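# build the 3D model from these lines:
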Amino acid sequence: MPRSQTAHSFAEHGKSLNVRQLIYRYDLLRNLVWRDYSLRYKHSVLGLLWSLVLPLTQLLVLVFLFQAVVPLNIKAYPAFVFSAILPWSWFSTCLSSACNLFINNRDLIRHPNFSPASLTLINTLSNLIAFLVALPLLIIVLVAYGRPLTSALFLLPLLLLIQGILTAGLSLIIATWNAFYRDVQHIVVVALTLLFYLTPVFYRPEAVAAQYQIVYQLNPIAVLIKSYRAIFFEGVAPSADALLFTALASIAIFVLGYGIYNRRQHDIIDKI
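Modelled structure (predicted):
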């Protein structure tokens, strides 16, 4: 066989292997994501409906507190707060469960063909399913309170992508550090509690004093929550400048998280 034909044959063979590897990794990721999501509700009576219980419980508590006990006088408050609860629940649940991702998956991590970093992506995507399952309920609440469903909703995939990158990056940092310092899981719980009140989930950021507005402008998850509320509750496109800043910050956090993980990857396997 001529040398040129041989080289061409090897190139085609290499492309075929790459395609098969991509298909294999996609199927593996898809199966692991669904497995992670479904195992949470295995042997439970309500099954997957439990994924709606947490956001609905938060909604009822916040509506009771800030409509009946300490009224904030926000029109259509259930729709207002529910449009922020869902993305916040996705974010906080991912970070909480990221603490023990590496520790609870020792056997999987020790497999030679498995990258531990994949666990953070699996965790992020499996919790995204819970967000998407609750999305029709949010639409019903918005319609019930007369909120307009506009073309701004087409920006939802962009917001999900930005938040996914941010969440995966922070999860890498948390999962890596917690493999060496178990105090991290307790710090995360405290940090999420504080961050909840620094994120405009149940109130308008405009009501905060001017000297503290910088906190909401530099807080990526706060910008994302405002953006979700813009497309769902207000029916308008979010601020392009704020969204661009958040996208760049999310990418930077992901790069930082992967750098921290990559530097300690071999130590993680030995440590756990």
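# drop to CA atoms for contacts and neighbour counts, all remaining ones
Noted.
# so how far is Q217 from L244?
12 Å (C-alpha to C-alpha, to the nearest Å).
# neighbour count winner among those two?
Q217 (15 against 12; other C-alpha atoms under 10 Å).
# okay, that one: pLDDT?
At Q217, the pLDDT value in this model is 88.
# tell me who's in contact with the nearest residue to it once chain neighbours are set aside.
Once flanking residues are discounted, Q217 sits nearest to V223: 6.6 Å by C-alpha to C-alpha, 6 or more residues apart in numbering. Neighbouring residues of V223 by C-alpha atoms under 8 Å, 6 or more residues apart in numbering: Y216, Q217, A242, L243, T246.
# same thing but at 10 Å, please
Contacts of V223 were listed using C-alpha atoms under 10 Å, 6 or more residues apart in numbering, and they are T199, P200, Y216, Q217, R229, P238, S239, A242, L243, F245, T246.
# one more: F91?
85, 124, 127-128, 131, 163-164, 166-168, 170-171, 192, 221.
# mean confidence score for the helix or strand hosting the residue nearest to Q217?
Assessed by DSSP states H and E, V223 sits inside helix 220-229. The average of the pLDDT scores along helix 220-229 is 96.
# I'd like the next helix or strand past it.
Next along from helix 220-229, by DSSP H and E: helix 240-271.
# buried residues, that following helix. List them.
242-243, 246-247, 249-251, 253-258, 260-262, 265, 268 (16 or more other C-alpha atoms under 10 Å).
# go on, stretch 210-222?
Those would be Y216, P220, I221, A222, for stretch 210-222 by 16+ other C-alpha under 10 Å.
# can you tell me what sits against that stretch?
Residues contacting stretch 210-222 (C-alpha under 10 Å, 6+ apart): 84, 87-88, 91, 162-163, 166-167, 195-196, 198-201, 205-208, 223, 226-228, 242-243, 245-250.
# cutoff 6 Å now
T199, T246 (C-alpha atoms under 6 Å, 6 or more residues apart in numbering).
# sorry, back to before: if I look at the residue nearest to Q217, how far off is V188?
20 Å.
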